[in-house]
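Q: No sequence on hand, only this structure:
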């Protein structure tokens, strides 16, 4: 299962562009915008874990962040395994946004660092 974070109005922001999401509707990146790096307007981003989605997504600093499961089509790209980009995606179901304690945030941050830093 994959997870997507939006703001309270179901909007995401990417390189100065605003994308308005609707539950159950497929979205596809325009052909002329494809081919860029993962963190560009060429991809819709999602996460492999809901807690990571809330920790790693820049919208998480906003109040009233919303969390959704999502489906994708086609091949995805990733640099870390946590964030995956797809060019076709739709939101499936909204989940209550879990509240993470400071200890949970610290523990997840340490686990991410341990997994990404070379020995």
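A: Perfect, thanks for sending it. If you're wondering where the values come from, they're calculated on a predicted model, not measured in any experiment. Residues are numbered from 1 along each chain as shown.
Q: Please tell me how far the nearest residue to residue 29 once chain neighbours are set aside sits from residue 114.
A: Closest residue to residue 29 apart from its sequence neighbours, by C-beta to C-beta, 6 or more residues apart in numbering: residue 87 at 4.2 Å. For every residue, glycine as well, the C-beta is placed using N, CA and C. Distance of residue 87 to residue 114, given as C-beta to C-beta, to the nearest Å: 31 Å.
Q: swap in residue 106?
A: 13 Å.
Q: and what of residue 9?
A: 36 Å.
Q: try residue 15
A: 30 Å.
Q: Residue 87 and residue 114: who's more crowded?
A: Between residue 87 and residue 114, counted using other C-beta atoms under 10 Å, the more crowded position is residue 87 (21 against 9).
Q: which ones are touching that one?
A: 28, 29, 34, 42, 43, 44, 74 (C-beta atoms under 8 Å, 6 or more residues apart in numbering).
Q: could you redo the last one with a cut-off of 7 Å?
A: Shown in contact with residue 87 (C-beta atoms under 7 Å, 6 or more residues apart in numbering): 28, 29, 34, 43, 74.
Q: most surrounded residue in these?
A: That'd be residue 43 among those, by other C-beta under 10 Å, with 23 neighbours.
Q: Which pLDDT value belongs to that one?
A: On the pLDDT scale, residue 43 is placed at 89.
Q: Which residue is the nearest non-sequential neighbour of it?
A: Closest to residue 43 by C-beta to C-beta, 6+ apart is residue 85, at 3.0 Å.
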